[in-house]
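[1] Sequence and predicted structure, then a few things I'm wondering about:
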Amino acid sequence: MIGQHDVDFYKENGYLLVKGVFGQAEVEEMRGAVERIIQRAAQAKRDENSAWQGDFLPPAELKKLVLKGFHDVHYHEACFTRAVVHPNMTAILSQLIGPDVQLHHSKMLVKPPENGAAFPMHQDYPYFPHEKHSMLAASVHLDMADEKNGCLRVVPGSHTQGGLPHVGSYYLNHKEYPISDGLPCPAEAGDVLFFNYLTIHGSDANRSERTRRNVLFQYKDASDYPTENVHIDWGSGLMICGGNPRFDKAKPDFSIKG
């Protein structure tokens, strides 16, 4: 799927857009799965609005914004489990990360038409810091994404700055790092945008009449361990490529609560 020049581009810029990773039938299947998850979440009264609440818009405008986001989609629909380990994905990941790749978590993000919320510029690093910074996000596009419907924006090369101070540990100061400074990454359905968790990124609001649906898979090197006990899910540690070098670090330590 990618060549050495793509790998070099990723290492230098901290992101890489790969076209046509998933076919039309696979995209359609995942679109249907997204709708079913939203329906089941609503039935379970877990249909939260995940829109960012900040000070860059008046309160009246913030109330109108919607961003549907749910974690661990591979536990809700089997097509996402297949997508996580898709041969095209593993071929790319083994070159960007290395021979031994683990899944950290998955989630879906849906920006509905006309009021799909923006997400300010940030790094993913503060959410789940790791020793070697091998962590990357693979954002799978289920719709065409452009500037009108809030496509992802990145700051090329920003991953070389290391971890930056975030407001409340979640986002960068929007006055210093406005969304408009990010390079837009328009993509078509089936394309995947890979970016390191230190790469500054964000997205503008969806001002179009088109939905923007993305599914995001977070991957890392199997020998890259967390520096803090944060954001660990049941699926953390699932092997995607190769093997786990440490038998005693094969899975998170969980206890069942009633």
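    Yep, that arrived. Numbering: from 1, shown residues only.
[2] Tell me, please, where in the chain the pLDDT is lower than the cut-off.
    Low-confidence segments of the chain (pLDDT under 70): 46-69, 114-117, 169, 232-235, 250-258.
[3] Find the centremost residue of it, please.
    Leu216 (3.6 Å; C-alpha atoms, centre = their mean).
[4] doesn't it fall inside a helix?
    No - assessed with DSSP: H, G, I helix; E, B strand; the rest coil, Leu216 is strand; it does not lie in a helix.
[5] List the contacts of the residue nearest to Lys148 when sequence neighbours are not counted.
    Spatially, and ignoring its direct neighbours in sequence, Lys148 is nearest to Ser208 (4.1 Å; C-beta to C-beta, 6 or more residues apart in numbering). Quick note: C-beta positions are derived from backbone N, CA and C, even for glycine. By C-beta atoms under 8 Å, 6 or more residues apart in numbering, the contact list for Ser208 reads 113-114, 146, 148-149.
[6] Run a quick neighbour tally on Phe22.
    Phe22 has 22 neighbours, counted by other C-beta atoms under 10 Å.
[7] and the closest residue to it other than its chain neighbours, what does it touch?
    Excluding the flanking residues, the one nearest Phe22 by C-beta to C-beta, 6+ apart is Gly190, at 4.4 Å. Residues counted as contacts of Gly190 (C-beta under 8 Å, 6+ apart) are 19-24, 26-27, 141.
[8] And Pro226, by the same measure?
    Taking C-beta under 8 Å, 6+ apart as the criterion, Pro226 is in contact with 128-131, 232.
[9] Next: Met135.
    By C-beta under 8 Å, 6+ apart, the residues touching Met135 are 104, 124-125, 128, 196-197, 218-220, 224.
[10] so how far is Cys79 from the nearest residue in space to Ala145 that is not next to it in sequence?
    Once flanking residues are discounted, Ala145 sits nearest to Cys151: 3.8 Å by C-beta to C-beta, 6+ apart. When distance is defined by C-beta to C-beta, to the nearest Å, Cys151 is 23 Å away from Cys79.
[11] okay, those two: which has more neighbours?
    Applying other C-beta under 10 Å to Cys151 and Cys79 shows that Cys151 carries more neighbours, namely 23 against 19.
[12] For that one, give its distance to Met239.
    31 Å.
[13] Check Leu193 too.
    23 Å.
[14] what's the answer for Phe194, then?
    According to C-beta to C-beta, Phe194 stands 19 Å off from Met239.
[15] Compare the two (neighbour count), which wins?
    Phe194 (25 against 14).
[16] So that one: helix, strand or coil?
    strand.
[17] Ile200 contacts Leu172, correct?
    Yes - contact status for Ile200 versus Leu172: in contact at 6.8 Å, counting by C-beta atoms under 8 Å.
[18] anything in contact with each of the two?
    Taking C-beta under 8 Å, 6+ apart as the criterion, Ile200 and Leu172 both touch 121-123, 164.
[19] Let me have the residues you listed in a markdown table, extended by neighbour count, distance to Ile179 and secondary structure.
    Listed next are the shared contacts of Ile200 and Leu172 as a markdown table, based on neighbours: other C-beta atoms under 10 Å; distance: C-beta to C-beta, whole Å; DSSP: H, G, I helix; E, B strand; the rest coil:
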| residue | neighbour count | distance to Ile179 | secondary structure |
| --- | --- | --- | --- |
| Met121 | 26 | 6 | strand |
| His122 | 21 | 10 | strand |
| Gln123 | 26 | 14 | coil |
| Leu164 | 17 | 16 | coil |
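[20] Quickly name whichever of these is closest to Leu183.
    Nearest to Leu183 among these is Met121, at 11.4 Å by C-beta to C-beta.
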